[in-house]
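In: Build the 3D model from these lines:
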Amino acid sequence: MNDLLARLPNLPHPSVPVGKKEEKVVVRSFGTRPEFDFPVKHHLEIGEEKGILDFRRAAMIAGARFPMYIGMGAVLEMALIQFMFMFHVRNGYTPVLPPFLANAESFYVSSQLPKFADQIYHCEEDDLYLNPTAESLLANLHRGEILSADELPKNYVAYTPCFRREAGTYGEEERGLIRVHQFNKVELFKYTTPETSYQELDALVQEAEGVLQALGVHYRVVVLPTQDLAQQSSKTIDIEVYLPGQGRYYEVSSCSNCEEFQARRGKVRYRPAPKEKPRYVHTLNGSGVATSRLMAAILENNQLPDGRIRIPEVLQEAVGAEYL
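Out: Numbering: from 1, shown residues only. Now for the predicted structure:
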């Protein structure tokens, strides 16, 4: 019975559109979809031609769907991580470099367990799990604590590699960096009061948008319908980038308000005023953002007729070049 109860989802917010996965609602976009007067290449083709992505050797080392960045690919990947991490730190987020493994209780609090046990890598001998997202770790940062109202909101940013089993089969459109077992991600997390959590959700989305705007990447913002919400989410807003090599949009950031769901599991509360009864905080999370699909977007959207790839201006100093 407890296992069944632990699999029940959160209640959707009244503003969430009712419907299937395909019925998401586009609310705004930034920039325009790029147009090319020459044949557009897929990021995997670009990566192999430039010698910056090596999936063949990665497969030899670890198996299918593991990426390996080589040479300037590794330099660009690290520049992206550093840029995004410091972007959020400068905007007032407290930086965190958490453990990459966590125990079962931590994943129960964040809601990856028990429902998604088959999607997480498990180190059986130590009974530890590789994190699929830093959300799982940051949701436990104040487990069992009672915070004061004047501490809220608490804003955190973490960098971790993320590990996902991604069980199942995927088509040609998912090749390359689109769906992999390991990827890097900068994660945003908020602890807020119930009264301000939806304002903070809007702020969270805008914070993630700021990264893409600085990189000059065209994107759109969509609200997910009820049937596409994660178990812990009351409302989720995705940011999707356009990949001309595939001719479609892909999610690079997913921002969610989990309201009290994780806080109840983790017993994270705050005291509105001295001597008042503690209340549960609301928790919010968002990618700020994942590098794999963003890397694909940068490679595909910035290709030039002569075969060069223009590096976004904000990364050029760190990379030490204007073009790949």
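In: Thr283: which element?
Out: Element membership for Thr283 (DSSP states H and E) is strand 282-290.
In: Walk me through which strands that strand pairs with, and which way each runs.
Out: Sheet pairing of strand 282-290 (DSSP bridges) gives strand 182-192 (antiparallel), strand 248-257 (antiparallel).
In: quick one: the shortest one to chain centroid distance?
Out: For strand 248-257, the gap between its own C-alpha mean and the chain's C-alpha mean amounts to 7 Å (CA atoms, centre = their mean, to the nearest Å).
In: Show me what the following helix or strand past that strand is packed up against.
Out: Remark: after strand 248-257, the chain's next helix or strand is helix 261-266, criterion DSSP H and E. For helix 261-266, the packing partners by 3 or more CB pairs under 8 Å, 6 or more residues apart in numbering; DSSP states H and E come out as helix 104-110, strand 282-290. The C-beta positions use only the backbone N, C-alpha and C, and glycine is treated the same way.
In: Run the chain-centre distance for the last one.
Out: Its chain's C-alpha centre lies 7 Å from the corresponding centre of strand 282-290 when counted by CA atoms, centre = their mean.
In: go on, the first one?
Out: Here the centre of mass of C-alpha atoms in helix 104-110, compared against the chain's by CA atoms, centre = their mean, lies 18 Å away.
In: And the pLDDT at Ser287?
Out: What the model reports for Ser287 is a pLDDT of 98.
In: so what's it up against?
Out: Counting by CB atoms under 8 Å, 6 or more residues apart in numbering, Ser287 makes contact with 133, 185-188, 208, 252-255.
In: end-to-end on stretch 300-320?
Out: Start-to-end span of stretch 300-320 (CA to CA, to the nearest Å) is 20 Å.
In: what about the stretch 51-200 of the chain, any weak spots by pLDDT?
Out: 167-173 (pLDDT under 70).
In: What degree of burial does the closest residue to Pro278 other than its chain neighbours show, as a neighbour count?
Out: The shortest distance from Pro278 to any residue other than its chain neighbours is 3.9 Å, reached at Arg269 (CB to CB, 6 or more residues apart in numbering). When neighbours are counted by other CB atoms under 10 Å, Arg269 registers 18.
In: so can I have JSON lines of the helices and strands packed on helix 261-266 showing distance to Leu215?
Out: Converted to JSON lines, the helices and strands packed on helix 261-266 look like this (distance: least, CB to CB, whole Å):
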{"stretch": "helix 104-110", "distance to Leu215": "28"}
{"stretch": "strand 282-290", "distance to Leu215": "10"}
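In: Go through these and pick out the most buried.
Out: With neighbours taken as mean count of other CB atoms under 10 Å, the helices and strands packed on helix 261-266 reach their highest mean count in strand 282-290, at a mean of 27.
In: next helix or strand past that strand?
Out: Remark: after strand 282-290, the chain's next helix or strand is helix 291-301, criterion DSSP H and E.
In: quick one: buried residues of that next one?
Out: 291-301 (16 or more other CB atoms under 10 Å).
In: what's the answer for stretch 48-55, then?
Out: 48, 50, 52-55.
In: And stretch 82-102, by the same measure?
Out: 83-85, 87-88, 93, 96, 98, 102.
In: Not counting that stretch itself, show me its contacts.
Out: 123, 126, 128-131, 134, 136-138, 140-141, 154-161, 186, 188, 207, 210-211, 214, 288-289, 291, 314-315, 318.
In: which residues does the residue nearest to the spatial centre of the chain bridge with?
Out: Nearest residue to the geometric centre of the chain (CA atoms, centre = their mean): Ser287, 3.1 Å. Beta bridges link Ser287 to Glu187, judged by DSSP bridges.
In: if we can go back for a sec, need the buried residues of stretch 82-102 in a markdown table with distance to Val27 and secondary structure, can you?
Out: A markdown table is the format used below for the buried residues of stretch 82-102 (distance: CB to CB, whole Å; DSSP: H, G, I helix; E, B strand; the rest coil):
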| residue | distance to Val27 | secondary structure |
| --- | --- | --- |
| Phe83 | 26 | helix |
| Met84 | 23 | helix |
| Phe85 | 27 | helix |
| Phe87 | 23 | helix |
| His88 | 22 | helix |
| Tyr93 | 24 | coil |
| Val96 | 30 | strand |
| Pro98 | 32 | coil |
| Ala102 | 34 | strand |
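In: Relative to Pro278, which of these is nearest.
Out: Taking CB to CB as the measure, Pro278 lies nearest Val96 of the buried residues of stretch 82-102, at 24.1 Å.
In: so that closest one bridges to which residues?
Out: Beta-bridge partners recorded for Val96 (DSSP bridges): Ala158.
In: With that, I have no additional questions.
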